[in-house]
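Enquirer: Please work out how this folds:
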Amino acid sequence: MKLKHLILLIIVFSSLWITGCSNETNKEGEVKENEFPPSMTGLIRINETEYEMIVGNYKWEIKQGLETQVVQTDAASPYQIAENVKAIIIEESSNIKIEIEGNPEISVYLWNENGREKEVKVDKNQLSVPTSKGQYIYEVLAKWSNGEVSYTFVIEIR
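Expert: Numbers count the residues shown, from 1 in each chain. Model (predicted):
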């Protein structure tokens, strides 16, 4: 009889431990159960067509009791990422709408071979594209209360 009670006790504590250690994010971008670090989808929408942005660096934190768990990556720069990404061909009068899960605070930067060239004005998660023909590399830096993610996309104006 004691062995059955011991096995039952081990099963109960194991299942409680497993459920207590899982995480996920809610729609505000805060970590919730089942997934840590969370994977937050980042899209851009151009003329009703969706394109997924490439994830670069990210950093997430979660507090569990008295401890804080941190996951941080170091990825290639947006300029380096762009070398392996096919540019999205668009017209010079297009607008780009940014859609990121959890509605984070966003900043957008234009990149060149020397790094961040300049910050781009964003209004209601939309930005206007440059009027000159050429290829443009963008970084979207998204910040939630417990993390941040860098996304990259490349456009070409013909």
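Enquirer: mind listing the strands in the protein by residue range?
Expert: 23-25, 31-33, 42-46, 49-52, 54-64, 67-72, 88-90, 95-100, 105-112, 115-120, 126-128, 134-144, 147-157 (DSSP state E).
Enquirer: Adding mean neighbour count, distance to residue 82 and mean pLDDT, write these out as a markdown table.
Expert: Any C-beta I mention is one placed from the backbone N, CA and C, and that applies to glycine too. Below are the strands of the chain laid out as a markdown table (neighbours: other Cβ atoms under 10 Å; distance: least, Cβ to Cβ, whole Å; pLDDT from 0 to 100):
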| stretch | mean neighbour count | distance to residue 82 | mean pLDDT |
| --- | --- | --- | --- |
| strand 23-25 | 18 | 27 | 44 |
| strand 31-33 | 17 | 30 | 49 |
| strand 42-46 | 19 | 14 | 96 |
| strand 49-52 | 11 | 14 | 96 |
| strand 54-64 | 17 | 9 | 93 |
| strand 67-72 | 11 | 22 | 92 |
| strand 88-90 | 15 | 11 | 95 |
| strand 95-100 | 18 | 16 | 96 |
| strand 105-112 | 16 | 7 | 97 |
| strand 115-120 | 13 | 13 | 94 |
| strand 126-128 | 16 | 17 | 93 |
| strand 134-144 | 20 | 4 | 97 |
| strand 147-157 | 22 | 5 | 97 |
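Enquirer: Adding distance to residue 79, write those strands out as TSV.
Expert: Below are the strands of the chain laid out as TSV (distance: least, Cβ to Cβ, whole Å):
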stretch	distance to residue 79
strand 23-25	29
strand 31-33	30
strand 42-46	18
strand 49-52	19
strand 54-64	11
strand 67-72	21
strand 88-90	17
strand 95-100	19
strand 105-112	5
strand 115-120	7
strand 126-128	19
strand 134-144	6
strand 147-157	9
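Enquirer: of all the ones you listed, which lies closest to residue 81?
Expert: Closest approach to residue 81 among the strands of the chain is made by strand 147-157 (4.6 Å; Cβ to Cβ).
Enquirer: Between strand 95-100 and that closest one, find me the angle.
Expert: If you take axes from the mean of the first three to the mean of the last three Cα atoms, to 10 degrees, strand 147-157 sits at 160 degrees to strand 95-100.
Enquirer: what about stretch 43-51, start to end distance?
Expert: 6 Å (Cα to Cα, to the nearest Å).
Enquirer: For it, what is the distance to the chain centroid?
Expert: 16 Å (Cα atoms, centre = their mean, to the nearest Å).
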